[in-house]
Each structure stands twice: as C-alpha cells, then as structure tokens.
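Visitor: Provided below are the primary sequence and the corresponding predicted coordinates.
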Amino acid sequence: MPSISRDEVAHLARLARLAVTEAELDLFAGQLDQIVAAVAQVGQVADQDIPPTSHSVPLTNVFRADVVRPGLTQQQATAAAPAVEDGRFRVPRILGEEA
C-alpha cells in the first residue's frame with residue numbers, strides 16, 4: 001500500500017505551483033513512495049549503539065599551540081614606512097574624505 005497518495009502529490013504540486021499532468025501524479029506518487037521507504041530504511045539502520053558523527057574520520061587539530069612571543073615595537077614597525085605621523089602610518093586620503 002503506497003504511503004503517498006495521488007491527492008497528496010496533487011496538493012504538494014499546488015503548493016509548489018507546479019503544473020502536473022494526471023500521468024505524472026501516478027509517476028510522482030510512486031517515486032515519492034520509494035523515497036519515503038528509503039528514508040525509513042535508513043532510519044532503521046541508525047541504532048543507539050552508534051554515536052552521531054559529523055565527519056567520517058576523526059579530526060585532529062593540526063595547528064601549533066599559541067605561544068606568546070615578543071612583537072615589534074612601534075618604532076621598529078614604522079621605521080621603513082614612507083610616511084609616519086604621530087607614530088602611525090600616514091597614507092594618502094582617498095575619495096576626498098575630510099579628516
């Protein structure tokens with residue numbers, strides 16, 4: 001006995017605003033019934049003994065641990081800059097913006 005009827009397919013087609021012929025109603029009802037049966041079969045396979053997974057293989061963080069290291073001083077960072085103003089990089093104004 002099919003779990004998806006022609007009336008349900010027609011209703012879904014109306015909701016999706018699809019033009020479906022009478023022959024397609026029967027075809028789609030059978031196809032949707034097979035899809036529902038396949039999903040139900042997959043649902044039976046899932047068991048309480050199998051933990052849910054997000055990946056097929058275990059993942060390990062391959063990044064190094066963060067280590068605090070000394071950085072550049074303000075003078076070292078701006079030493080090679082073409083223009084410096086008040087200890088900051090000076091860049092040309094763009095789009096005529098006002099300061």
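Guide: Yep, it's here.

Visitor: in this structure, where's the longest helix?
Guide: Taking DSSP state H as the criterion, the chain has its longest helix at helix 22-45.

Visitor: now do the buried residues in it.
Guide: Neighbour-count burial for helix 22-45 flags 25, 28, 29, 32, 33 (criterion: 16 or more other Cβ atoms under 10 Å). All C-beta spots, glycine's among them, are computed from the backbone N, C-alpha and C.

Visitor: run a quick neighbour tally on the closest residue to residue 78 other than its chain neighbours.
Guide: The spatially closest residue to residue 78, leaving aside those adjacent along the chain, is residue 84, at 4.6 Å (Cβ to Cβ, 6 or more residues apart in numbering). Burial of residue 84 is recorded as 15 neighbouring residues (other Cβ atoms under 10 Å).

Visitor: what backbone torsions are found at residue 84?
Guide: phi -130, psi 140 (degrees, to the nearest 10).

Visitor: that one and residue 75: what is the separation?
Guide: Taking Cβ to Cβ, to the nearest Å as the measure, residue 84 falls 9 Å from residue 75.

Visitor: do a quick rundown of the helices in the chain.
Guide: 6-15, 22-45, 74-78.

Visitor: quick one: which of those helices is nearest residue 96?
Guide: helix 74-78 (26.1 Å; Cβ to Cβ).

Visitor: list the buried residues in that closest one.
Guide: Those would be residue 78, for helix 74-78 by 16+ other Cβ under 10 Å.

Visitor: and the contacts of it?
Guide: Residues from elsewhere that reach helix 74-78, judged by Cβ atoms under 8 Å, 6 or more residues apart in numbering: 84, 87, 88, 89.
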